[in-house]
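K.L.:
this is a predicted model, with the sequence first.
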Amino acid sequence: MKKLVFIFASLSVFAVLFSCSKNDQETESLEDNPRIKLSLSEQQKSFANSGNAFAFELFDKVSSSTDKSIVISPISMQYLLGMALNGAQGETAEQICKVLGFGAGQTDAVNQYVQSLLKQLPSLDKKTTLAFANAVYASNDAPILETYQKIVKDYYQAEVSKVNFSDKATLSKINSWCSKHTKGLVPEILNNLSGDEKAVLLNAMYFMSTWSNPFDKSRTTERIFSLEDGGTVKIPMMAKLLTLPYFENEDFSMVGLDYGNNAFSFLAILPSAGKSIADVTGFLKSGDLRSIFKTWQGLRVDLWLPRFETKFDIELNYVLSEMGMPDCFNPLKANFKSMFKTPSCFSLIKQSSAIKVDEKGTEAATVSVGKMGYTASHSQPNAVFHADRPFVYLIVENSTRTVLFAGKYTGK
């Protein structure tokens, strides 16, 4: 089946900026809502760059596991692993840092980086709602160390609660927290708990924004979408002719659509004929995406983009182990002595995400969860970008190219 992949960017960072041509109405809007760039130290910028490497490695592994449409949030998973890192010691901590691509021996610096993003990202664009929430639910029978609680409260703005995991009300409480912080897009994250749980770590993120240049709903029509297996389906296809940042080579073409004041963008990456989603994810993993922003140009683009919704859940124990952190799930090797006095490990790491893309803009949300227990279980030429076959997409913050969401749309 052919796949269309969209990537939303939140934790991964690209250093080069791009801008689109704007009409007078947009210029006036930007005067009232000026674009703000993230303010990061050189070390924090290096963390952001490494975070993008993690984002694309994670996306590649998840994408290759299914032919269905997917959406994930690398930055949400980074926050969850960051909270876990503060409780880890020894080889367990080193493995988490290896997977993240940064932070070895620099936990304090990582915490300051996360704190800076949590404070700055939500205020970059008045027309974009971007909200984060973190929480730790700990068992009454296995109290979390006070030093760990202070760190996640101070740097991750995390809510820390003591609960009885044997009480069914605790499951409802956790799922209600998820629904609240995603505005109902992710109504629940867990379907069971047991008295063996020691803690549940959570990150939630909600994104909603309008296109800088909305699509005309009257131009949306059903069109044929080609699947990778050779079949076809009819889907609602939005259409527009406008000047956009555009790049094309023999493997794929890419366009950027701005939101609000241009602080965030939606990047759509369409494999060329005879190429696949795997070719695109391979390019993203290579780290060469940054070079595109130095060479792409504003062209009048004949744009087709599906109106779509995707919901995707995935358990990540195996993926994260394959990426380099198996000890976190091993009851004999996991070391979380900076969180608990007694032995513990992750029994589950999971992410649930949802996205809606339409003529007005985009709404997306994600929840990442880690369950811990005693054991693991114009003058320019026109370009054509018709996303009528599978593609990849990203949502990114533009001053750093931090990846908030990454996904693919396959028609399934």
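P.N.:
Structure received.
K.L.:
centre of the chain versus the longest strand belonging to the chain, how much separation?
P.N.:
As assigned by DSSP state E, the longest strand anywhere in the chain is strand 232-248. Strand 232-248 sits 22 Å away from the centroid of its parent chain (Cα atoms, centre = their mean, to the nearest Å).
K.L.:
ok, that strand: who's next to it in the sheet?
P.N.:
The pairing partners recorded for strand 232-248 under DSSP bridges are strand 221-226 (antiparallel), strand 252-259 (antiparallel), strand 297-306 (antiparallel).
K.L.:
pLDDT of the longest one, averaged?
P.N.:
Spelled out, that is strand 297-306. The average pLDDT for strand 297-306 rounds to 93.
K.L.:
buried residues in that strand, which are they?
P.N.:
Neighbour counts over strand 297-306 (16 or more other Cβ atoms under 10 Å) mark Gly298, Leu299, Arg300, Val301, Leu303, Trp304, Leu305, Pro306 as buried. Heads up, the C-betas are built off the backbone N, CA and C, glycines and all.
K.L.:
what helix or strand does Ile349 sit in?
P.N.:
strand 345-357 (DSSP states H and E).
K.L.:
can you dump the C-alpha coordinates of that strand into CSV?
P.N.:
Presented in CSV, the C-alpha positions along strand 345-357 are these (Å, rounded to 0.1, in the frame of the first residue of the first chain):
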residue,chain,number,x,y,z
CYS,A,345,11.3,-1.6,36.1
PHE,A,346,8.9,-0.6,33.4
SER,A,347,6.2,-3.1,32.5
LEU,A,348,4.8,-0.9,29.7
ILE,A,349,5.6,2.2,27.7
LYS,A,350,2.9,3.2,25.3
GLN,A,351,1.7,6.1,23.2
SER,A,352,-1.7,7.0,21.9
SER,A,353,-2.1,9.9,19.4
ALA,A,354,-4.8,11.4,17.3
ILE,A,355,-4.9,14.1,14.5
LYS,A,356,-7.5,15.9,12.5
VAL,A,357,-6.5,17.8,9.3
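K.L.:
returning to that earlier point: now the two most distant members of the buried residues of strand 297-306.
P.N.:
Farthest apart among the buried residues of strand 297-306 by Cβ to Cβ are Gly298 and Pro306. That separation is 23.3 Å.
K.L.:
okay, now the unreliable bits of the stretch 1-150 of the chain?
P.N.:
Within the stretch 1-150 of the chain, the ranges that satisfy pLDDT under 70 run 1-30.
K.L.:
quick one: the helices in it, in order.
P.N.:
Using DSSP state H, counting those that start in this stretch, the helices of the stretch 1-150 of the chain run over residues 24-32, 42-63, 74-87, 90-100, 107-120, 146-156.
K.L.:
give me the pLDDT for Leu257.
P.N.:
Per-residue confidence (pLDDT) for Leu257: 95.
K.L.:
burial of the residue lying closest to it once chain neighbours are set aside, as a residue count?
P.N.:
Among residues not flanking Leu257 along the chain, Phe266 sits closest, at 4.6 Å (Cβ to Cβ, 6 or more residues apart in numbering). Neighbourhood size, Phe266 [other Cβ atoms under 10 Å]: 24.
K.L.:
alpha carbons of the host helix or strand of Phe266, as PDB, please.
P.N.:
Assigned by DSSP H and E, Phe266 falls within strand 264-271. Presented in PDB, the C-alpha positions along strand 264-271 are these (Å, rounded to 0.1, in the frame of the first residue of the first chain):
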ATOM      1  CA  PHE A 264       4.700  26.300  13.400                       C
ATOM      2  CA  SER A 265       4.400  24.500  10.100                       C
ATOM      3  CA  PHE A 266       3.100  21.300   8.500                       C
ATOM      4  CA  LEU A 267       5.600  19.600   6.300                       C
ATOM      5  CA  ALA A 268       4.200  17.100   3.700                       C
ATOM      6  CA  ILE A 269       6.700  14.800   2.100                       C
ATOM      7  CA  LEU A 270       5.500  12.900  -1.000                       C
ATOM      8  CA  PRO A 271       7.500  10.000  -2.400                       C
END
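K.L.:
who touches the helix or strand that it is followed by?
P.N.:
Sequence order places helix 277-286 as the next helix or strand after strand 264-271, per DSSP H and E. Residues from elsewhere that reach helix 277-286 (Cβ atoms under 8 Å, 6 or more residues apart in numbering): 2-3, 5, 7, 53, 56-57, 59-60, 63-64, 228, 251-252, 269, 271, 289, 390-392, 408, 410.
K.L.:
tell me which residues of the helix or strand just after helix 277-286 come out buried.
P.N.:
The C-terminal neighbour of helix 277-286 among helices and strands, as given by DSSP H and E, is helix 289-295. Buried residues in helix 289-295, counted by 16+ other Cβ under 10 Å: Leu289, Ile292, Phe293.
K.L.:
contacting residues for the residue most central in space within the chain?
P.N.:
Centroid check for the chain by Cα atoms, centre = their mean gives Ser73 as the closest residue, at 2.0 Å. Neighbouring residues of Ser73 by Cβ under 8 Å, 6+ apart: Phe8, Ser10, Met205, Gln351, Ser353, Ala364, Thr366, Ser368, Leu404, Phe405, Ala406.
K.L.:
report the lowest-confidence entry in those residues.
P.N.:
Among these, Ser10 has the lowest pLDDT, at 35.
K.L.:
got JSON lines for the contacts of Ser73, with neighbour count too?
P.N.:
Converted to JSON lines, the contacts of Ser73 look like this (neighbours: other Cβ atoms under 10 Å):
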{"residue": "Phe8", "neighbour count": "31"}
{"residue": "Ser10", "neighbour count": "31"}
{"residue": "Met205", "neighbour count": "28"}
{"residue": "Gln351", "neighbour count": "25"}
{"residue": "Ser353", "neighbour count": "27"}
{"residue": "Ala364", "neighbour count": "27"}
{"residue": "Thr366", "neighbour count": "31"}
{"residue": "Ser368", "neighbour count": "28"}
{"residue": "Leu404", "neighbour count": "26"}
{"residue": "Phe405", "neighbour count": "30"}
{"residue": "Ala406", "neighbour count": "34"}
